[in-house]
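[1] Coordinates for the following, if possible.
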Amino acid sequence: MKKDRIDEFERLQGQLQSFYDEMNMLAKKSPNDALNKFKLTLVNSTLVKANAFLGNERKPFGDFEQFDDAALPSTSDVLVLLSQYLAAFEKLRAENIRTEGFGWYWKGAEEIPTAPPKKLKQ
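    From the prediction side, this is the model:
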């Protein structure tokens, strides 16, 4: 992967993780409460960008683009979807990194460090 694509990946994955953490806290308090329109707009914007980045082959659900803002989803609904997107991003990352010595790096011409895959295959 090239540096600009890695930068976009890390930005999107960070946003998804942030939303996931926030929804996780909200869902623990009130899982069936509807998400407010402001937060839903932010989540939807990130999901649209994540869908474009992943492409149709890697999207967790081929027919899902974003939540309907007319029917506000519950925090637990959003949490479920965000976990699927995070898994798709981690799978893509694991396929595009390599180990060298004691470190992990993105595959490509540049030496860009990263963390090891979350699930190491034994």
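
[2] In the helix ranked longest in the chain, which residues are buried?
    Looking across the chain with DSSP state H, the single longest helix is helix 3-29. For helix 3-29, burial by neighbour count (16 or more other CB atoms under 10 Å) applies to 6, 9, 12-13, 15-16, 19-20, 22-23, 26-27. Bear in mind the C-beta positions are built from the backbone N, C-alpha and C, glycine included.

[3] next one: stretch 33-50
    Neighbour-count burial for stretch 33-50 [16+ other CB under 10 Å]: 35, 39-40, 43-44, 46-47, 50.

[4] Can you give the contact residues for it?
    For stretch 33-50, the surrounding residues in contact (CB atoms under 8 Å, 6 or more residues apart in numbering) are 12, 15-16, 19, 22-23, 26, 65-67, 69, 72-75, 78, 81-82, 85, 89.

[5] From residue 40, how far off is residue 66?
    Separation of residue 66 from residue 40 (CB to CB, to the nearest Å): 9 Å.

[6] no, scratch that, I was asking about residue 96
    31 Å.

[7] okay, now the residue nearest to residue 77 when sequence neighbours are not counted: neighbour count?
    Using CB to CB, 6 or more residues apart in numbering and skipping residues adjacent in sequence, the residue nearest residue 77 is residue 67, 7.8 Å away. By other CB atoms under 10 Å, 18 other residues sit near residue 67.
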